[in-house]
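In: 3D model of this:
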Amino acid sequence: MTEPKIIVYTDGAASGNPGPGGYGVVMKYGTHRKELSAGFRFTTNNRMELLGVIVALEQLKFSGSNVTVYSDSKYVCDAVNQKWLFDWERKGFKKKKNPDLWRRFLPLLRKHKVKLVWIKGHNNIPENERCDRLAVEASRMSGLPVDEGYEQQDSALFN
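Out: Residues are numbered from 1 along each chain as shown. Predicted structure coming up:
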């Protein structure tokens, strides 16, 4: 018997990059479907791409879950698939952007059986298009919270 697979689509958006941003997630497991999204007042597209994957993996209830994540983010997919992330980790994320999110991501990557698959964005893949809409809508909400990791990291670079 093959192990059940969880399918995840994610997307991130930022208007202005940096600017208001959001992520969108569609998770599928058998007949179950879950959609997630959130926005932040000032962030980057890459942060939202990565945060979408993180939030999806944080939803999983069982260690060792078999997950395929479809993302149009070369930043996220290549960091893992080309194994750059592990070099960054070994070097303490020195001079790398988004160390707070990468440190949050790594234990999740190790906790589950995660396969990251890059897909071309805006290519009529229904679930990816849905994630894009969720991300953009989330970025346009009023009263968006602070992306503390970004704003603290950004101010630390200039102080």
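
In: residues touching Glu49, list them.
Out: Listed by Cβ atoms under 8 Å, 6 or more residues apart in numbering, the contact set of Glu49 reads Thr10, Asp11, Gly12, Tyr23, Ser71, Asp72, Ser73, Tyr75, Val76. Every C-beta, even on glycine, is put in place using the N, C-alpha and C of the backbone.

In: ignore what I typed, I meant Gly52.
Out: Contacts of Gly52 by Cβ under 8 Å, 6+ apart are Thr10, Asp11, Gly12, Tyr23, Gly24, Val25, Ser71, Cys131, Ala135.

In: that one should be in a helix, yeah?
Out: Yes: counting by DSSP: H, G, I helix; E, B strand; the rest coil, Gly52 is located in a helix.

In: now it: how far from Gln59?
Out: Look at Gly52 and Gln59: by Cβ to Cβ, to the nearest Å, they are 11 Å apart.

In: related to what we said a few turns ago, of the contacts of Gly52, which belong to helices?
Out: Under the assignment DSSP state H, the contacts of Gly52 contribute Cys131, Ala135 to helices.

In: Lys34 touches Met27, doesn't it?
Out: Yes: applying Cβ atoms under 8 Å as the test, Lys34 and Met27 come out as touching, 4.4 Å apart.

In: name the residues contacting each of those two.
Out: Common neighbours of Lys34 and Met27 (Cβ under 8 Å, 6+ apart) are Gln59.

In: where do the helices of the chain begin and end?
Out: 45-58, 74-81, 84-90, 99-111, 126-139, 148-158.

In: can you list these in TSV and add distance to Lys5?
Out: Converted to TSV, the helices of the chain look like this (distance: least, Cβ to Cβ, whole Å):
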stretch	distance to Lys5
helix 45-58	14
helix 74-81	18
helix 84-90	23
helix 99-111	16
helix 126-139	14
helix 148-158	30
